[in-house]
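In: need coordinates for the below:
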Amino acid sequence: MSASLLDRRVPAGAPGTGPRAASRTPRPRAAARTPRWARAVVGLALAATLVPLAYLVSVSLMGRDETVSGILFSTDPQFANWSEALFGTGLPRSIANSAVAALAGAGLSLLLGLPGAWAMVRYRSGGATLANLATSPWLLPPIVAVVPLFTLLRVLGLNDTLLGLTLVYALMNLPVAIWLLEGFARKLPPEIFEAAAIDGAGPWRILRSVVVPLMLPALVAVGTILAILNYNEFLLATFLTQSPEAQTAPVALSLFYGDRTPHFGKIAAASVIAVIPVFAAATFLQRWMVDGLTSGVGK
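Out: Residues are numbered from 1 along each chain as shown. Model prediction:
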């Protein structure tokens, strides 16, 4: 019986055979199309982000009288606003101060936060409450720390200096760095550390040669977030810096309103110039930020 079944052949004209049957074979389904509501949400988000920036650029090309008239576009663009904001003020130096303080502060926060986060994950230092305890001071209003920080920097001789402001930024965002890096460190497989320890690597060697390469996307993503937070900080920079040599870009922009009749076109031009470094950094590091914040090192 089994041999007859194996020798049986399907006739050439039997149903289910031929080119029509081949055309009825299931094809792989196409990728699902994006729902309309999702496109609408993305469109609204882009409009909410780009429209104010576009109007800011438009205002930067207006004259002193046009900014108060309520028009959307200037018929006579005043490109002199950009040249005056860029070369007639100390804005370039303030932007450079902000960039130095932001990058150096973010680097110090990562340098101190990575060992702390890895120790909490690997050695369970501080138990389950240390991460929350370290993050709790960052949730307080920054104004409560102005007087202690001002007094401490004056004792150290770092008041009204870029170095003092950088150290303040590094310590202020250290809880954020630990909190973010701890989540990435928990995704690291412990077998890697055990294998490195069997090969004779100590804790610092494991941290330097194993943890840092695996968490490089996370470090770039967290460092970018910290740098942007430092760059945009205004309150502490206002109280801790007084001289133009140490003032940051947000403080310099606030001084444009000191005139009795401020030139809003010039202020808008200075604002656009000040945000260009942030947009440039976010654009160039976009791939690293997406990889670090979404997938991390868990792949």
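
In: need the contact partners of stretch 274-284.
Out: With contacts defined as Cβ atoms under 8 Å, 6 or more residues apart in numbering, stretch 274-284 is touched by 91, 94-95, 98-99, 224, 227-228, 231-232, 249-250, 252-253, 289. Bear in mind the C-beta positions are built from the backbone N, C-alpha and C, glycine included.

In: ok, and the most crowded of these?
Out: residue 249 (29 neighbours; other Cβ atoms under 10 Å).

In: test my guess that it contacts residue 97.
Out: Yes. Taking contacts as Cβ atoms under 8 Å, residue 249 lies within contact range of residue 97: 7.5 Å.

In: between the contacts of stretch 274-284, which sits nearest residue 68?
Out: residue 253 (19.5 Å; Cβ to Cβ).

In: now the host helix or strand of residue 108: average pLDDT?
Out: Using DSSP states H and E, residue 108 sits within helix 91-122. In this model, helix 91-122 has a mean pLDDT of 92.

In: shaky segments in the protein?
Out: 1-32, 126-128, 131, 258-261, 291-299 (pLDDT under 70).

In: one more pass at 50, please.
Out: Applying pLDDT under 50 to the chain flags the ranges 1-10, 19, 21-23, 30, 296-299.

In: so the spatially most central residue of it is in which element?
Out: Most central in the chain under Cα atoms, centre = their mean is residue 225, positioned 3.1 Å from the mean C-alpha point. Per DSSP H and E: residue 225 is located in helix 216-232.

In: how about the strands in the stretch 1-150 of the chain?
Out: In the stretch 1-150 of the chain, no strands are defined using DSSP state E, counting those that start in this stretch.

In: which residues in it form helices?
Out: Assigned by DSSP state H, counting those that start in this stretch, the helices in the stretch 1-150 of the chain fall at 2-7, 19-23, 36-60, 80-87, 91-122, 130-135, 146-156.
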